[in-house]
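Q: got a predicted structure plus its sequence, pasted below:
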Amino acid sequence: MTKQDLVDRIANQTGLTKRQATNSLSAAIDGIKDALSQGDRVTLVGFGTFYVAERKARTGRNPRTQEKINIPARNVPNFRPGKDLKDLVG
């Protein structure tokens, strides 16, 4: 499913125009991005939780030269599905 498919579905189920549905979806995605960039969690009950996790620094290897390289620590976005979503998919 693409973003456009999701916009079409929102428009059909809510009676909004496609432009309004696009704006609503974009606002929701922007809100999630802003919260994650500030280190906050975003919990959508019944769906899941978006959160930021720290990936520790580690030593990797360049596959071409086999040279060891240091990979720095960094923050990465994660998603943990809620129980309802797990039950629906699984």
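A: All right, it came through fine.
Q: what comes into contact with stretch 3-15?
A: 16-18, 20-22, 24-25 (C-beta atoms under 8 Å, 6 or more residues apart in numbering). Where C-beta positions appear, they are placed from N, C-alpha and C, glycine not excepted.
Q: most neighbours out of those residues, which is it?
A: Within those, A21 tops the neighbour count with 20 neighbours, counted by other C-beta atoms under 10 Å.
Q: got phi/psi on that one?
A: phi -70, psi -40 (degrees, to the nearest 10).
Q: for this protein, just list every one of the strands.
A: 42-44, 48-55, 58-61, 68-71, 74-81 (DSSP state E).
Q: now the ones you listed as TSV including mean pLDDT?
A: TSV is the format used below for the strands of the chain (pLDDT from 0 to 100):
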stretch	mean pLDDT
strand 42-44	97
strand 48-55	97
strand 58-61	96
strand 68-71	96
strand 74-81	97
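Q: and of the ones you listed, who's closest to T2?
A: Shortest distance between T2 and those, using C-beta to C-beta, is found for strand 74-81: 18.2 Å.
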